[in-house]
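*Asks:* 3D model of this:
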Amino acid sequence: MKVVGLFAGIGGIELGLHAAGHATALLCDYEPAAQAVLAARFPNVPLVGDVRELIALPRADVVAAGFPCQDLSQAGRTAGINGGQSSLVGEVFRLLRHSDPTWLLLENVPFMLQLERGAAMRYLATALEELGFRWAYRVVDARSFGLPQRRKRVLLLASRTEDPRKVLFHGDVGEPDTPKDVSELACGFYWTEGIRGLGWAVDSVPTLKGGSTIGIPSPPAIRFPDGFVGTPHIRDAERLQGFDADWTLPAAGLGVRTGARWKLVGNAVSVPMARWLGSRLLDPQTYDGDSDEPIAANVAWPRAAWGNGDGSAYSADVSAWPVRAPYSHLAEFLEEEPAPLSERAAQGFLNRASRSSLHFPEGLLDDVAAHLHRVRDPVLAA
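*Replies:* You can find the predicted model right below:
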């Protein structure tokens, strides 16, 4: 299938669809750093900067758009679907008024399903139905595809002629139980948090983010079984998203700092997730939704749902794990030496934790405190 990638970022959706056998006809992204990566990694694909300047789309089978999540994310501004960034999805609908792809793929954060009682999802469903689309969405976790990153994303698929449920809802292995004993496992957390939340992930890192709760793009920390607390290298972060190491290196040619590359990686779509969807597009399966329940108005949306285009919506009982690929344990996955969490970062996290009423995983604060003593004392560190 021919694909148009809008809000393409560093090409996660497109790279995954390529791996499934599809080809890209056009790429579009506004950020210069992302454009540099796209131009280097997809050298023969036309590249456009501003979606608002696109008059029409080329002929395509799939229009894919990982539209901006800043206004819909817990780590962002939570301004809602009408925020200055996330509202740009309206440009996709503008272009679809005069374009007729077989499929539309939208991707965003699960928090949009509950923010403002699900107003963003209702907006998307209404806009799609006004354009004659049937739609379905499913929250999918990147760990399902073997990556040690707990990254859940909403994949919304729509079509004027096909049944998207046959693509999205096939396959469900169920989410595995979390190990009770994590002492021998590397666990990730966000050192930028500590007061209102803690992004904690067992044998994985929490969701890589374009920005943190204190407004800076930054890596998570990893507590290793021996008590060492470090941060992963940008090359491993790229691999945690399913890219080759140094995928974002072309952006460095613009003089951007490593933090800007972290932002690119944090905003990207997991490549294996897109590859799974691309494969499913080629092999739709029958879906029986007779037991699916109607969704009431003005409530948060479930993890999977669909609509036939008539204004009604139904929940689907499928998990965020459509498959269970061989899993890469976090400590074994990392190829680069983690950098020790800095004294300032460790102290800041402990200060915030001491003021909070959060319940922290057993031993975490002790390990961070011991790490802080080691980075302060070179002799002890040696």
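*Asks:* how about the helices in the stretch 151-300 of the chain?
*Replies:* Assigned by DSSP state H, counting those that start in this stretch, the helices in the stretch 151-300 of the chain fall at 165-168, 234-240, 258-266, 271-281.
*Asks:* for residue 88, find the nearest of these.
*Replies:* Closest approach to residue 88 among the helices of the stretch 151-300 of the chain (C-beta to C-beta): helix 258-266, 17.3 Å. C-betas here are computed from N, CA, C, even on glycine.
*Asks:* how about the helices of the stretch 151-300 of the chain in TSV, adding mean pLDDT and distance to residue 50?
*Replies:* Shown next, in TSV, are the helices of the stretch 151-300 of the chain (pLDDT from 0 to 100; distance: least, C-beta to C-beta, whole Å):
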stretch	mean pLDDT	distance to residue 50
helix 165-168	98	30
helix 234-240	97	26
helix 258-266	89	18
helix 271-281	98	23
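*Asks:* out of the ones you listed, the one nearest residue 124 is which?
*Replies:* Of all the helices of the stretch 151-300 of the chain, helix 165-168 comes closest under C-beta to C-beta, at 14.7 Å.
*Asks:* tell me which residues of stretch 319-332 are tucked away?
*Replies:* Within stretch 319-332, the residues scored as buried using 16 or more other C-beta atoms under 10 Å are 319-322, 327-328, 330-331.
*Asks:* er, stretch 229-242 I mean
*Replies:* Buried positions in stretch 229-242, judged by neighbour count with 16+ other C-beta under 10 Å: 229-242.
*Asks:* do stretch 143-152 as well
*Replies:* Judged by neighbour count (16+ other C-beta under 10 Å), stretch 143-152 contains these buried residues: 143-145, 147-152.
*Asks:* which one of those residues is nearest to residue 257?
*Replies:* Nearest to residue 257 out of the buried residues of stretch 143-152 is residue 149 (C-beta to C-beta; 22.7 Å).
*Asks:* got the contact list for residue 54?
*Replies:* Counting by C-beta atoms under 8 Å, 6 or more residues apart in numbering, residue 54 makes contact with 28, 48, 91, 95.
*Asks:* wait, residue 25 touches residue 4, no?
*Replies:* Yes. Using C-beta atoms under 8 Å, residue 25 is in contact with residue 4, at 5.8 Å.
*Asks:* counting neighbours, go ahead and name the busier of those two.
*Replies:* More neighbours surround residue 4 than the other of residue 25 and residue 4, with 28 against 18 (other C-beta atoms under 10 Å).
*Asks:* am I right that the more buried one is in a strand?
*Replies:* Yes. Counting by DSSP: H, G, I helix; E, B strand; the rest coil, one finds residue 4 located in a strand.
*Asks:* tell me what it is bridged to.
*Replies:* Beta bridges link residue 4 to residue 26, residue 63 when assigned by DSSP bridges.
*Asks:* helix, strand or coil: sort out residue 137 for me.
*Replies:* Under the three-state scheme (three-state DSSP), residue 137 adopts strand.
*Asks:* can you tell me how far it is from residue 182?
*Replies:* The gap separating residue 137 from residue 182 is 32 Å, by C-beta to C-beta, to the nearest Å.
*Asks:* next one: residue 244
*Replies:* Residue 244 is 30 Å from residue 182, by C-beta to C-beta.
*Asks:* so between the two, which is more surrounded?
*Replies:* Counted by other C-beta under 10 Å, residue 244 and residue 182 do not tie: residue 182 has more neighbours, with 18 against 12.
*Asks:* what about the stretch 201-350 of the chain, any weak spots by pLDDT?
*Replies:* For the stretch 201-350 of the chain, the stretches with pLDDT under 70 are 211-217.
*Asks:* please read the previous query as pertaining to the stretch 1-150 of the chain.
*Replies:* 68-87.
*Asks:* quick one on the thing from earlier: from the buried residues of stretch 143-152, pick the one nearest residue 279.
*Replies:* residue 145 (11.2 Å).
*Asks:* just give the closest residue to the closest one, not the sequence neighbours.
*Replies:* Distances taken as C-beta to C-beta, 6 or more residues apart in numbering place residue 272 nearest to residue 145, at 3.6 Å, with adjacent residues excluded.
*Asks:* please name the residues that touch that neighbour.
*Replies:* For residue 272, the contact set (C-beta under 8 Å, 6+ apart) comprises 16, 142, 145-147, 242, 325.
*Asks:* repeat that for residue 145.
*Replies:* Contact analysis of residue 145 by C-beta under 8 Å, 6+ apart lists 242, 270, 272-273, 275-276, 323, 325.
*Asks:* redo those as a markdown table? Include distance to residue 336.
*Replies:* Output for the contacts of residue 145, formatted as a markdown table (distance: C-beta to C-beta, whole Å):
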| residue | distance to residue 336 |
| --- | --- |
| 242 | 16 |
| 270 | 19 |
| 272 | 20 |
| 273 | 23 |
| 275 | 24 |
| 276 | 27 |
| 323 | 28 |
| 325 | 23 |
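*Asks:* now the two most distant members of the buried residues of stretch 143-152.
*Replies:* Among the buried residues of stretch 143-152, 148 and 152 lie farthest apart (C-beta to C-beta), at 14.2 Å.
*Asks:* okay if I get the buried residues of stretch 229-242 as TSV plus distance to residue 351?
*Replies:* Shown next, in TSV, are the buried residues of stretch 229-242 (distance: C-beta to C-beta, whole Å):
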residue	distance to residue 351
229	16
230	20
231	18
232	23
233	26
234	27
235	31
236	28
237	26
238	31
239	32
240	28
241	31
242	35
